[in-house]
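Asks: The sequence and its predicted three-dimensional model are supplied below.
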Amino acid sequence: MLIGRVVGSLVADQKDPKLLGSKLLVVQQLDIEARETSGYVIAADSVGAGEGEVVLYATGSSARNTHATEGKPIDATIMAIVDTWDVHGVTRFQKDTALPVTSW
Amino acid sequence: MLIGRVVGSLVADQKDPKLLGSKLLVVQQLDIEARETSGYVIAADSVGAGEGEVVLYATGSSARNTHATEGKPIDATIMAIVDTWDVHGVTRFQKDTALPVTSW
Amino acid sequence: MLIGRVVGSLVADQKDPKLLGSKLLVVQQLDIEARETSGYVIAADSVGAGEGEVVLYATGSSARNTHATEGKPIDATIMAIVDTWDVHGVTRFQKDTALPVTSW
Amino acid sequence: MLIGRVVGSLVADQKDPKLLGSKLLVVQQLDIEARETSGYVIAADSVGAGEGEVVLYATGSSARNTHATEGKPIDATIMAIVDTWDVHGVTRFQKDTALPVTSW
Amino acid sequence: MLIGRVVGSLVADQKDPKLLGSKLLVVQQLDIEARETSGYVIAADSVGAGEGEVVLYATGSSARNTHATEGKPIDATIMAIVDTWDVHGVTRFQKDTALPVTSW
């Protein structure tokens, strides 16, 4: 899985019937220090993520292994909202902190 | 999923029998600001997309999860025509606008 | 799917039994203007492609969705021989023309 | 599979129900000489790996082929703790050695 | 599939039970001219490949389509030992020749 930030959403009226009811979010990929990269993905949401939240997303066939995405033409799914992660004993990201932790 | 623009089509008379009836479109990958990148994919179409339209496409096994592509040797499928997407509260793309939105 | 040119073939006597009878071709990936890139793949063939031909190939699990490759340890399959493709209304490649079309 | 070092862990309270009980580790990808690269992945753990350990991880649908990850929206799984590997007859990494082996 | 050279092996005592009996080899990816690239993969072996041999390997779910890897958390499998390949009518690699063929 990779870490990303929900930066927006996408609207598509004309779509495959299986996509009805799937919320599509724009996710900017983050690096291990919580910095935004140029990578992005449009992901379905299985956890009620909102804009600005840092999330974990799965890609490929694994993205279809949630109740919300089973059997759908979806190759990226947000399956967790991240609270915190540590690298080498230092917190790199903490939810409800506006910016990445930069004390290291 | 990724966002792309339909820029053309591809014709192949000699093909695997399972591909009969599948329309194959040339899709140029777009970045999050709706700018064309050098990436492309030849995708099957499940929604009747036309040239110039901005679309959402799925890749890998998920591309076979539409009625149009089930069981076929297809690894990329257009499954939605994009109307609009927003990033950080600003509309980056709006259908029926000739160019990407550039007011930010 | 991606577009490639068949530039050669590969011989392997010692192989997984499931590969018996599978012809393995060397495919150089092409960009959207029919120029060769540094990318390549060794692909199975489901359509009788010959050296020099421009083909469409599928990768991943979709590559096993042809009669020729079902259930085999094959992750890339040629599933069409390309006749022509157009980008922005201009023909970028035409079969039986020695070189890419360069009139644009 | 690729080789990585477990450099941290990630906590997410709000997640897809199928993820309950899955420990999520931050894994930095290593190159063939055991040097850290900029690549990372958040992986589930099927072998009880701890921080600092060098591990082998599988991605894609194969990541779901362990008892710990079956049927879950997980696309990367640690499935072995590496003891040693050799390249051209020289040991590149040996467990319980603080640093990569650099005698070549 | 891609072409690689077996350059070493990896030992892991603590691993997912499904990996018992799977030999894990270090494979350096080769380009189309048989030159080593910086890419590598740790692959299972279904054909008895030895160090120094040039092999063909499949990745993703296709890597699980051999008798040796079925149902295992393995995403890369050597499924053939390469004897020779030709590009544009010239032999680029020939088994039992110490180096890549460089006469072109």
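Replies: Happy to help now that I have it.
Asks: And for A:G21, the neighbour number?
Replies: 8 (other CB atoms under 10 Å in any protein chain shown). From N, CA and C alone the C-beta is placed, and that goes for glycine too.
Asks: What values do phi and psi take at A:P17?
Replies: Main-chain dihedrals, A:P17, degrees, to the nearest 10: phi -50, psi -30.
Asks: Tell me who's in contact with the closest residue in space to A:N65 that isn't next to it in sequence.
Replies: Of all residues not flanking A:N65 in the chain, D:P73 sits nearest, at 4.2 Å (CB to CB, 6 or more residues apart in numbering or on different chains). If you count contacts by CB atoms under 8 Å, 6 or more residues apart in numbering or on different chains, D:P73 has them with A:46, A:58, A:62-66, A:69, A:77, A:79, D:16, D:18-19.
Asks: And A:R64, by the same measure?
Replies: Applying CB under 8 Å, 6+ apart, the residues contacting A:R64 are A:E70, A:G71, A:K72, A:I74, A:T77, B:S62, B:N65, D:P73.
Asks: And the residue of chain A closest to chain E?
Replies: Closest contact between chain A and chain E, by CB to the nearest CB, is at A:S61 (7.5 Å).
Asks: Just say helix, strand or coil for that residue.
Replies: Put simply, A:S61 is helix when judged by DSSP: H, G, I helix; E, B strand; the rest coil.
Asks: Now do it: how many residues are near it, please.
Replies: For A:S61, using other CB under 10 Å, the count is 22.
Asks: swap in A:T37?
Replies: 12.
Asks: got the residues of chain A near chain B?
Replies: A:7-19, A:24, A:26, A:28, A:38, A:40-43, A:60-61, A:63-64, A:71-76 (CB under 8 Å from any CB of the partner chain).
Asks: how about a cut-off of 6 Å?
Replies: Neighbours of chain B within chain A, by CB under 6 Å from any CB of the partner chain: A:7-8, A:10-16, A:26, A:40, A:42, A:60-61, A:72-76.
Asks: coming back round to it: can you tell me the SS state at the residue nearest to A:N65?
Replies: Criterion first, three-state DSSP; result for D:P73: coil.
Asks: what about it, distance to B:T66?
Replies: D:P73 is 20 Å from B:T66, where distance means CB to CB, to the nearest Å.
Asks: Show the pLDDT at A:D96.
Replies: At A:D96, the model reports a pLDDT of 87.
Asks: One more: A:S103?
Replies: 46.
Asks: For A:V11, list the residues it contacts.
Replies: Counting by CB atoms under 6 Å, 6 or more residues apart in numbering or on different chains, A:V11 touches B:D83, B:T84.
Asks: What's opposite it in the beta bridge?
Replies: B:T84 (DSSP bridges).
Asks: if I look at the residue in chain A that chain C sits nearest to, how far off is chain D?
Replies: Among all residues of chain A, A:S61 sits closest to chain C, at 7.5 Å; criterion: CB to the nearest CB. A:S61 sits at a distance of 5 Å from chain D (criterion: CB to the nearest CB, to the nearest Å).
Asks: same thing with A:Q29?
Replies: 11 Å.
Asks: what's the helix or strand for that residue?
Replies: Using DSSP states H and E, A:Q29 sits within strand A:24-30.
Asks: ok, then the element right after that strand?
Replies: By DSSP H and E, the next helix or strand past strand A:24-30 is strand A:36-45.
Asks: quick one, what contacts the closest residue to A:A43 other than its chain neighbours?
Replies: Nearest non-adjacent residue to A:A43, counting by CB to CB, 6+ apart: A:A76, 4.0 Å away. By CB under 6 Å, 6+ apart, A:A76 lies in contact with A:V41, A:A43, A:Y57, A:T59, A:A63, B:M1.
Asks: Across the sheet, point out what pairs with A:A76.
Replies: Beta-bridge partners of A:A76, as defined by DSSP bridges: A:T59.
Asks: can you tell me which residues contact the closest residue to A:I3 other than its chain neighbours?
Replies: Spatial nearest neighbour of A:I3, excluding adjacent residues (CB to CB, 6+ apart): A:L30 at 4.7 Å. Neighbour list for A:L30: A:I3, A:G4, A:R5 [criterion: CB under 6 Å, 6+ apart].
Asks: Next, format these as JSON lines and append neighbour count and pLDDT.
Replies: Listed next are those as JSON lines, based on neighbours: other CB atoms under 10 Å in any protein chain shown; pLDDT from 0 to 100:
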{"residue": "A:I3", "neighbour count": "24", "pLDDT": "98"}
{"residue": "A:G4", "neighbour count": "27", "pLDDT": "98"}
{"residue": "A:R5", "neighbour count": "21", "pLDDT": "98"}
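Asks: out of those residues, which are inside strands?
Replies: A:I3, A:G4, A:R5 (DSSP state E).
Asks: Serialize these to CSV and add fields for distance to B:G52.
Replies: What follows is these, written out as CSV (distance: CB to CB, whole Å):
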residue, distance to B:G52
A:I3, 35
A:G4, 29
A:R5, 31
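Asks: Compute the distance between the residue nearest to A:D75 when sequence neighbours are not counted and E:K72, please.
Replies: Among residues not flanking A:D75 along the chain, B:S62 sits closest, at 3.9 Å (CB to CB, 6+ apart). B:S62 is 23 Å from E:K72, where distance means CB to CB.
Asks: Compare those two (neighbour count), which wins?
Replies: Neighbours were counted for B:S62 and for E:K72 using other CB under 10 Å; B:S62 has more, 29 against 24.
Asks: List the residues that contact the more buried one.
Replies: Here B:S62 is in contact with A:P73, A:I74, A:D75 (CB under 6 Å, 6+ apart).
Asks: run the last query once more with 8 Å
Replies: Neighbours of B:S62 in contact, by CB under 8 Å, 6+ apart: A:G60, A:S61, A:A63, A:R64, A:K72, A:P73, A:I74, A:D75.
Asks: swap in A:L56?
Replies: A:1-3, A:78-82, D:10, D:12, D:15, D:24, D:42.
Asks: same thing but at 10 Å, please
Replies: A:1-4, A:47, A:49, A:77-82, A:85, D:10, D:12, D:15-16, D:19, D:24, D:42, D:73 (CB atoms under 10 Å, 6 or more residues apart in numbering or on different chains).
Asks: Now it: closest residue in space that isn't a chain neighbour?
Replies: Closest to A:L56 by CB to CB, 6+ apart is A:A80, at 4.1 Å.
Asks: how near is that neighbour to C:G60?
Replies: Applying CB to CB to A:A80 and C:G60 gives a distance of 25 Å.
Asks: More neighbours: which of these two?
Replies: Using other CB under 10 Å as the criterion, A:A80 and C:G60 rank with A:A80 on top: 27 against 23.
Asks: Just to be sure, the more buried one is in a helix?
Replies: No: assignment of A:A80 by three-state DSSP gives strand, placing it outside any helix.
Asks: partner residues bridging it?
Replies: Assigned bridge partners for A:A80, using DSSP bridges, are A:L56, D:K15.
Asks: And A:Q28, by the same measure?
Replies: Beta-bridge partners of A:Q28, as defined by DSSP bridges: A:R5, A:Y40.
Asks: Am I right that it is in contact with A:V6?
Replies: Yes: counting by CB atoms under 10 Å, A:Q28 touches A:V6, with 8.2 Å between them.
Asks: Neighbour count for the two, which is higher?
Replies: The residue with more neighbours, out of A:Q28 and A:V6, is A:V6; 21 against 18, by other CB under 10 Å.
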